[in-house]
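Participant: Structure for this input, please:
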Amino acid sequence: MTAANRASRDRRESIAIRGDAPALEASDLVGGAYLLGAVAATLLALWLSSRASLSAWLAGQAVLALVLLQWFVLLHEAGHRSLFRTRSLNVAAGHLAGFMALVPFASWRRVHGLHHLWTGWQDRDPTTAALAPRARGRLEIALVDLAWRLWLPLFSLAYRWGNYWNVRRLHTLFTAPDQRRAMLANIAALALAYAGVCSLLGIEQTARLFGLATVLTFALQDPLILSQHTHLPQRLSGGRRVAPLDPGAQARHTRSLAFPRWFADCVLLHFNAHELHHRFVAVPGYRLGRITCTASNEVHWWIWLKAVKRMRGSAFLFQTRDHTGFTL
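Facilitator: As a prediction, this is how the structure comes out:
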């Protein structure tokens, strides 16, 4: 089944749940409101961060950390072409969100497509393959444990580099010349854009405006992204030819976090409702709240976070609940 056919089927299934097709469609107006809101919040955060007052700077960095989290979510939506109804607007928004989220949009769209194709097959999904069982040295385990305990955003850095910036790995995953050229051009353009910002503002001012906020948003994104598929039962292909799982079967390998409704609506666009997202991938995140459907692996975010932070990072990342008995 092609990706387009799967998306069409998912859309029909979601419509069947509510019987309200227009209410589940992407909207240029709604997508534009979220995008403009992120731009306005970013400008406000940067203005506060440029003030001489320490309290204003700290407030600006806190706001910017949350907005950078939302830029990552907007990148996710644009990659699915579900932020806007119009394709060109999704592409433009995707590149802007990718710039803010430190992720090349061309790489994101293709790698994330493979993620949705192979969710549940840990060693086939490029975003989870690094966590598949293998021999690991004491130093690697110690570094992972230390970073997890101290909230050092090791995963967010490795996630970005290993999946979206690593040209050699991207060339292994994608062999079509036009895809390789698009991803390489996007990576080069972003690298030049970041160099231009640093040159224009200077290293010190760039660090003042973005440094703490980037560390904070990565520390927030680490547990949020890892919550979605980590420490859940996973299948291993072991190099065998296997068939992708259908969206309903993928839900077993996917976790959702329950946040306050205002935060899920206004900041995360229901990025936390990950079981629903995998089942109804064509439905925009900001419409997922309209779907009433059981999420069997959903847990309250604070309960889950306290529990996993009591675990060793290496146990959380490299094992599953089948090994540890962790039931949340």
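
Participant: What are the buried residues along the host helix or strand of Leu66?
Facilitator: Using DSSP states H and E, Leu66 sits in helix 54-79. Of the residues in helix 54-79, those with enough neighbours to count as buried (16 or more other Cβ atoms under 10 Å) are 57, 59-79. Heads up, the C-betas are built off the backbone N, CA and C, glycines and all.

Participant: what's the least confident helix or strand in the protein, going by average pLDDT?
Facilitator: helix 3-18 (a mean of 43; mean pLDDT, DSSP states H and E).

Participant: Give the next helix or strand downstream of it.
Facilitator: Downstream of helix 3-18, the first helix or strand assigned by DSSP H and E is helix 28-49.

Participant: ok, and what's touching that next one?
Facilitator: 56-57, 59-61, 63-64, 66-67, 70-71, 74, 77, 83-86, 89-90, 93, 96-97, 100, 208-209, 213, 269, 284, 286 (Cβ atoms under 8 Å, 6 or more residues apart in numbering).

Participant: Quick one: neighbours of Gly32, just the number.
Facilitator: The number of residues packed near Gly32 is 15, by other Cβ atoms under 10 Å.

Participant: Would you map the strands across the protein?
Facilitator: 256-258, 298-300 (DSSP state E).

Participant: Which of these has the highest mean neighbour count?
Facilitator: strand 256-258 (a mean of 21; mean count of other Cβ atoms under 10 Å).

Participant: can I assume Phe99 is in contact with Ala193?
Facilitator: Yes: Phe99 lies in contact with Ala193 (Cβ atoms under 8 Å); the separation is 6.3 Å.

Participant: what about these two, which has more around it?
Facilitator: Legend: neighbour count by other Cβ under 10 Å for Phe99 and Ala193, higher for Phe99 (18 against 11).

Participant: distance of the more buried one from Ser256?
Facilitator: Distance of Phe99 to Ser256, given as Cβ to Cβ, to the nearest Å: 28 Å.

Participant: cool, Ala26 as well?
Facilitator: Counting by Cβ to Cβ, the gap from Ala26 to Ser256 is 21 Å.

Participant: Quick check: mean pLDDT of stretch 166-181?
Facilitator: Model confidence over stretch 166-181, given as mean pLDDT, is 97.

Participant: Where does pLDDT dip in this protein?
Facilitator: Counting by pLDDT under 70, the chain shows low-confidence ranges at 1-22.

Participant: Just give me the neighbour total for Phe263.
Facilitator: Neighbours around Phe263, by other Cβ under 10 Å: 12.

Participant: Leu224 versus that one, what's the distance?
Facilitator: Taken as Cβ to Cβ, the span from Phe263 to Leu224 is 11 Å.

Participant: Run through the bridge partners of the residue nearest to Trp301 when sequence neighbours are not counted.
Facilitator: Leaving aside its chain neighbours, Trp301 sits nearest to Leu257 (4.3 Å; criterion: Cβ to Cβ, 6 or more residues apart in numbering). Counting by DSSP bridges, Leu257 forms beta bridges with Val299.

Participant: Would you mind confirming that Leu257 is in contact with Val299?
Facilitator: Yes: taking contacts as Cβ under 8 Å, Leu257 lies within contact range of Val299: 6.5 Å.

Participant: got a list of contacts for stretch 246-255?
Facilitator: By Cβ under 8 Å, 6+ apart, stretch 246-255 touches 6, 10, 119-120, 227-229, 232-235, 245, 274-275, 278-281, 295-299.

Participant: what about it, how long is it end to end?
Facilitator: Counting by Cα to Cα, to the nearest Å, you get 16 Å between the two ends of stretch 246-255.

Participant: What are the neighbouring residues in contact with Arg85?
Facilitator: Per Cβ under 8 Å, 6+ apart, neighbours of Arg85: 25-28, 31.

Participant: at 6 Å instead, please
Facilitator: Contacts here follow Cβ atoms under 6 Å, 6 or more residues apart in numbering; on that basis Arg85 touches 26, 28.

Participant: again, but for Ala213
Facilitator: The neighbours of Ala213, taking Cβ under 6 Å, 6+ apart as the test, are 61, 64-65.

Participant: Please repeat the previous calculation with a cut-off of 7 Å.
Facilitator: 61, 64-65, 68 (Cβ atoms under 7 Å, 6 or more residues apart in numbering).

Participant: Understood, closing this out.
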